[in-house]
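Undergrad: Okay, sequence plus prediction incoming.
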Number of protein chains: 2
Amino acid sequence: MAAESSAVRLLTFDVFGTVVDWRGSIAREAAAVAQSRGIKLDADAFADRWRAGYRPAMDRVRNGELPWINIDRLHRMILDELLPQFGLGGLTEAERVHFNRAWHRLEPWPDSVAGLTRLKRKFVLATLSNGNVALLTNMAKHAALPWDCILSAELFHHYKPDPQTYLGAAEMLDVTPAQTMMVAAHEDDLIAARAAGLSTAFVRRPREFGTRPGYDLPRDRSFDYVADNFEDLASQLGV
Amino acid sequence: MAAESSAVRLLTFDVFGTVVDWRGSIAREAAAVAQSRGIKLDADAFADRWRAGYRPAMDRVRNGELPWINIDRLHRMILDELLPQFGLGGLTEAERVHFNRAWHRLEPWPDSVAGLTRLKRKFVLATLSNGNVALLTNMAKHAALPWDCILSAELFHHYKPDPQTYLGAAEMLDVTPAQTMMVAAHEDDLIAARAAGLSTAFVRRPREFGTRPGYDLPRDRSFDYVADNFEDLASQLGV
């Protein structure tokens, strides 16, 4: 047996925006809901507003202001606030439950499944998302994402970018932080992962926020890899 | 939206003995280790002894006598006691680490992959094993087991048959206990799952303990399903 190597064995993936197109998927479901009720809706704005509520809600958990609440429940709290503002306050409980689960049905970017399938040949692939386990599991089944393991902030009762998430993922899969690489389209996630001792791969997702600029090329130039998509990342990692 | 249905959506699987042939796999690795050292070994007896230490060690955790310790560490504690008794006390630390990971490399029963692949079309499939997450993830990769999600006693810090494991699995995948079916080759596991409100499927694994009798047909005749293997279970469940 060789001494413990620092070669990367585990890839942990941010999911919303990095693997799946949350904005396009949510906008499509919102448009369909509005249409079925005969209501005019700016579906992109609805998706942006729903997502915009997520970080402040999560930060209240991170700061200890709220006890642990999973993302399904945070999404639902935000949804219940948003619906009346968009003329959709009449949705029934069952309709709200179904709409909230739109986050379980997000569509992958075009390269996601093929790229992950290649990467899986060489690495252990795990989600490391603020999404809860049920959400990530249902999404993987919906979108045929070939994860080896579903890991979530929910398992650690800490949301990213808390270090407990990155360190917890490595520990749970019995590798060192140095043997783990965080893959994300967001700099704050990678900067926190790097501070915890992980390697980092930035994946460009210029369409995550529609046509708004940003997140195309990282301002931070010291990530270990910068890739155009998962196929490119697989090629750069020699798979 | 229909009212919440009690139809089963999630299948949770015991793994050691139910999905994989731990005894044959461990005996093969033990025989190889002994042969490489020129030592005669009763490999089946070695496998049985290693496994026999697991329940009392786990019960010490369940009773609160020991703090939470995962199965990799319990296996290692037992291994370190066994090796000198079988003339293998000279194994190095790296060799022990590798040997202990034989539990990550267990081989599936012949029907496991095909049966799970069929069942996955209709149900969410999750492990629910006392094995730790790293062990189950590495095993799935080794044996191509198509889980939707890796769940483990480790996530709940309770070992089966504690009810927290069955209830925790359902909750984590956002289904009710009634929407969950435990699949196992062991009656005690199914009896505890049933007491927690889950449905139950007994799968016959008459070779789990080699040629010793037992565990072929359940004494308890009130499990919801009794199947010869996973292909048979898929057929009975209409997949």
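TA: Perfect, I can see it now. Computed from a predicted structure; not experimentally measured. Numbers count the residues shown, from 1 in each chain, chains lettered A, B, ... in the order given.

Undergrad: Point out the other helices and strands that the lowest-mean-pLDDT helix or strand in chain A packs with.
TA: Using mean pLDDT, DSSP states H and E, helix A:54-62 stands out as the lowest-scoring helix or strand of chain A, at a mean of 89. On a contact count with 3 or more Cβ pairs under 8 Å, 6 or more residues apart in numbering or on different chains; DSSP states H and E, helix A:54-62 meets helix A:71-85. Using the backbone N, CA and C atoms, a C-beta is placed for each residue, glycine as well.

Undergrad: Next, residue A:150: phi, psi?
TA: When read as degrees, to the nearest 10, the backbone of residue A:150 gives phi -100, psi 110.

Undergrad: how about the residues of chain A near chain B?
TA: With Cβ under 8 Å from any Cβ of the partner chain as the criterion, chain A meets chain B at residues A:1, A:72, A:92, A:94-95, A:97-98, A:124, A:126, A:132-134, A:137-138, A:140-141, A:148-150, A:154-155, A:172-174.

Undergrad: Any of those residues buried? List them.
TA: Buried by 16 or more other Cβ atoms under 10 Å in any protein chain shown: A:72, A:95, A:124, A:126, A:132-134, A:137-138, A:140-141, A:148-150, A:154-155, A:172-174, out of these.

Undergrad: Cross these against helices and list the overlap.
TA: A:72, A:95, A:133-134, A:137-138, A:140-141, A:154-155, A:172 (DSSP state H).

Undergrad: Helices of chain A, start to end?
TA: Going by DSSP H, chain A shows helices at A:22-36, A:43-52, A:54-62, A:71-85, A:93-100, A:112-120, A:133-143, A:153-156, A:163-172, A:187-195, A:230-236.

Undergrad: how about those, which one is nearest residue B:199?
TA: Checking the helices of chain A against residue B:199 by Cβ to Cβ gives helix A:133-143 as the closest, at 18.9 Å.

Undergrad: tell me what that closest one is packed against?
TA: Here helix A:133-143 is seen to pack against helix A:71-85, strand A:124-129, strand A:149-152, strand B:124-129, strand B:149-152 when contacts are counted using 3+ Cβ pairs under 8 Å, 6+ apart.

Undergrad: Same question for stretch A:224-238: list its buried residues.
TA: Buried residues in stretch A:224-238, counted by 16+ other Cβ under 10 Å: A:226-227, A:229-234, A:237.

Undergrad: and what of stretch A:95-110?
TA: By 16+ other Cβ under 10 Å, the buried positions in stretch A:95-110 come out as A:95-96, A:99-106, A:108-109.

Undergrad: Identify the residues contacting residue A:123.
TA: By Cβ atoms under 8 Å, 6 or more residues apart in numbering or on different chains, the residues touching residue A:123 are A:8-11, A:237, A:239.

Undergrad: Can you turn the buried subset of the residues you listed into a selection I can paste into ChimeraX?
TA: The ChimeraX command for the buried members of the contacts of residue A:123 (criterion: 16+ other Cβ under 10 Å) is given here:
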select /A:8,9,10,11,237
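
Undergrad: From the contacts of residue A:123, which one has the minimum pLDDT?
TA: In terms of pLDDT, the weakest of these is residue A:239, which scores 94.

Undergrad: Contact partners for that residue?
TA: Shown in contact with residue A:239 (Cβ under 8 Å, 6+ apart): A:118-119, A:121-123.

Undergrad: which among those residues end up buried?
TA: A:118-119, A:123.

Undergrad: Including distance to residue A:88 and pLDDT, could those residues go into CSV?
TA: Below are the buried ones among the contacts of residue A:239 laid out as CSV (distance: Cβ to Cβ, whole Å; pLDDT from 0 to 100):
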residue, distance to residue A:88, pLDDT
A:118, 41, 98
A:119, 39, 98
A:123, 42, 98
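
Undergrad: any idea which of these is closest to chain B?
TA: residue A:123 (9.9 Å; Cβ to the nearest Cβ).

Undergrad: what's near enough to touch the closest residue to residue A:96 other than its chain neighbours?
TA: Nearest non-adjacent residue to residue A:96, counting by Cβ to Cβ, 6 or more residues apart in numbering or on different chains: residue A:79, 6.5 Å away. Contacts were defined as Cβ under 8 Å, 6+ apart; by that measure residue A:79 touches A:50, A:96, A:99-100.

Undergrad: Please parse chain A into its domains.
TA: Following automatic domain parsing, one gets these domains for chain A: A:10-21+A:107-236, A:22-104.

Undergrad: okay, how far is it across the last one, tip to tip?
TA: End-to-end distance for domain A:22-104, by Cα to Cα, to the nearest Å: 10 Å.

Undergrad: Likewise for stretch A:13-20?
TA: 11 Å.

Undergrad: before we move on, what about stretch A:33-52?
TA: 20 Å.

Undergrad: from the middle of its chain, how far away would it be?
TA: Taking Cα atoms, centre = their mean, to the nearest Å, one finds stretch A:33-52 lying 21 Å from the centre of the chain it belongs to.

Undergrad: what sits up against that stretch?
TA: With Cβ under 8 Å, 6+ apart, stretch A:33-52 has contacts from A:22-24, A:26-28, A:30-31, A:75, A:78-79, A:82, A:85-88, A:90-91, A:95, A:99, A:209-210.

Undergrad: repeat that for 6 Å
TA: For stretch A:33-52, the surrounding residues in contact (Cβ atoms under 6 Å, 6 or more residues apart in numbering or on different chains) are A:23, A:26-27, A:30-31, A:78, A:82, A:86-87, A:99.

Undergrad: likewise stretch A:57-68?
TA: If you take Cβ under 6 Å, 6+ apart as the criterion, stretch A:57-68 is touched by A:69, A:74, A:157, A:159.
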